[in-house]
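Undergrad: My questions concern the predicted model and sequence given below.
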Amino acid sequence: MTEDNFVQKGASATLAVPHSGAPQDFYFLLLPKATMLPVAAAIEPLRIANQVTNSKLYRWFILTEDGTPIRCSNGMMVTPDMALQPLPSDALGFVCAGVEPQSTAGDATLNWLRRESRFGRSIGGICTGAFALAQAGLIRDQAFTLHWENQPGFQESFPDLTPSANSFEISGPLMTCGGGNAATDLMLNLIEARHGKQLAIIVADMCLHVRSGGLATPQKSNYAVAIGSRNQRLLNALQLMQSAIEDPLSIGELCTQLDISRRQLERLFSRYLDQSPMHVYFDMRLAHAFALMNETSMSVTEIALASGFNSSTHFSRQFKRKFGASPHFFRKGWS
């Protein structure tokens, strides 16, 4: 990367943010067979943050163990910027892995991870990067995660370590995320912490990305869990809820239409989703409101009514609790 590549032209959206000093550096160590989607999903928010602010807030570099190109999981070759080297004191480093993660980190990589951690560097894992972090002994009692598909195999290899089901985790200097767009959520969180919520919202919009709503967001949606469970009653319940967003049904009405007792319905949701039916229903309505907020010009009051809220005040309070900002804040135009 040349210095000119870090701030590119072309964004019609601009935002002035207070900034002085050096940019924050990110180093992405790609292991053989790394998945490209989460790597791009991590880097693009940094690029877009620079673009919309017309400032060099961030720099990013690709590393491989020996500085030679590596083949990713989709067969494409990636040419790195450099081989493993000591990281600057304020830089963030991420191990990016993919398929067969238990066998892609060599001794040089593991020794580099241990050395950087010993010197106090912040080291994280993207997709299945937690395998290398665990092999290097960097995960102990911190919260961490990796792609849900690889979690059973991880726990077989490391029975004393339990990954969370969340999209991403930040536990002190240890930052980890699942695959795909979970990397975008992690980066948006870091952007917000350093440069404010408004920039994070604009970057998310430029990525056409709906933020997950915080750390405690599971990687697998309720629908995915329901489909995986092959429980038709659970699927029917979720579909019925989705069809009655504007005029929400009571739990009694849900049970009547599903021909199931309240106790059975609650046990079903607790077993498969670890939530009550009405909590899932409530979050479904808020997700619907979030989509309308991003995709329409409807007023906040109209969105509240379309999402089953009789009071726009109550809606705004619950929206802020879920997404971290009021509906009016999300509606602020780009300067």
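TA: Right, received. Where do you want to start?
Undergrad: Any regions of this structure where pLDDT drops low?
TA: For the chain, residues meeting the criterion pLDDT under 70 lie at 1-4, 9-13, 211-218, 220-229, 294-295, 331-335.
Undergrad: residue ranges of the strands in it, please?
TA: Remark: strands assigned in the chain by DSSP state E are 24-30, 58-64, 70-71, 77-78, 82-83, 92-96, 122-126, 168-171, 174-177.
Undergrad: closest to H328 out of those strands?
TA: Put simply, out of these the one that sits nearest H328 is strand 168-171, at 27.0 Å, with distance taken as C-beta to C-beta. The C-beta positions use only the backbone N, C-alpha and C, and glycine is treated the same way.
Undergrad: neighbouring contacts of that closest one?
TA: 142-145, 175-178, 182-183, 185-186, 189, 215 (C-beta atoms under 8 Å, 6 or more residues apart in numbering).
Undergrad: any idea how far L37 is from C72?
TA: To C72, L37 is 10 Å away according to C-beta to C-beta, to the nearest Å.
Undergrad: Which one of these two is surrounded by more residues?
TA: Per other C-beta atoms under 10 Å, whichever of L37 and C72 has more neighbours is C72, with 21 against 17.
Undergrad: list the contacts for the closest residue to E44 other than its chain neighbours?
TA: In space, E44 comes closest to C207 once its chain neighbours are excluded; the distance is 6.3 Å by C-beta to C-beta, 6 or more residues apart in numbering. Taking C-beta under 8 Å, 6+ apart, we find C207 in contact with E44, P45, I48, T184.
Undergrad: quick check, nearest of those to L161?
TA: Of all the contacts of C207, T184 has the smallest distance to L161: 25.2 Å, by C-beta to C-beta.
Undergrad: who's in contact with that closest one?
TA: For T184, the set of contacting residues under the criterion of C-beta under 8 Å, 6+ apart consists of A41, A42, E44, P45, A204, C207, H209.
Undergrad: Could you export the contacts of C207 to CSV, including columns for distance to M82?
TA: Rendered in CSV, the data for the contacts of C207 read as follows (distance: C-beta to C-beta, whole Å):
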residue, distance to M82
E44, 21
P45, 22
I48, 24
T184, 24
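Undergrad: In helices, which of the residues you listed appear?
TA: E44, P45, I48, T184 (DSSP state H).
Undergrad: Determine which two of those are furthest apart.
TA: Greatest spatial distance in the ones in helices among the contacts of C207: I48 and T184, 10.2 Å, computed using C-beta to C-beta.
Undergrad: Distance check, the residue nearest to E44 against Y58.
TA: Taking C-beta to C-beta, one finds C207 at 15 Å from Y58.
Undergrad: Would you mind giving the domain segments of the protein?
TA: For the chain, the domain assignment from automatic domain parsing gives the residue ranges 3-206, 222-330.
Undergrad: Looking at those domains, which one is packed in the most?
TA: Burial of those is given as mean neighbour count (mean count of other C-beta atoms under 10 Å); domain 3-206 ranks first at a mean of 19.
Undergrad: from the middle of its chain, how far away would that one be?
TA: The offset between the C-alpha centroid of domain 3-206 and the centroid of the whole chain comes to 12 Å, using C-alpha atoms, centre = their mean, to the nearest Å.
Undergrad: same deal with stretch 288-301?
TA: Between the centre of stretch 288-301 and the centre of its chain there are 22 Å (C-alpha atoms, centre = their mean).
Undergrad: Contact partners for F329?
TA: With contacts defined as C-beta under 8 Å, 6+ apart, the neighbours of F329 are K197, I201.
Undergrad: can you check R121 too?
TA: With C-beta under 8 Å, 6+ apart as the criterion, the residues that contact R121 are L87, S89, A91, G93, P173.
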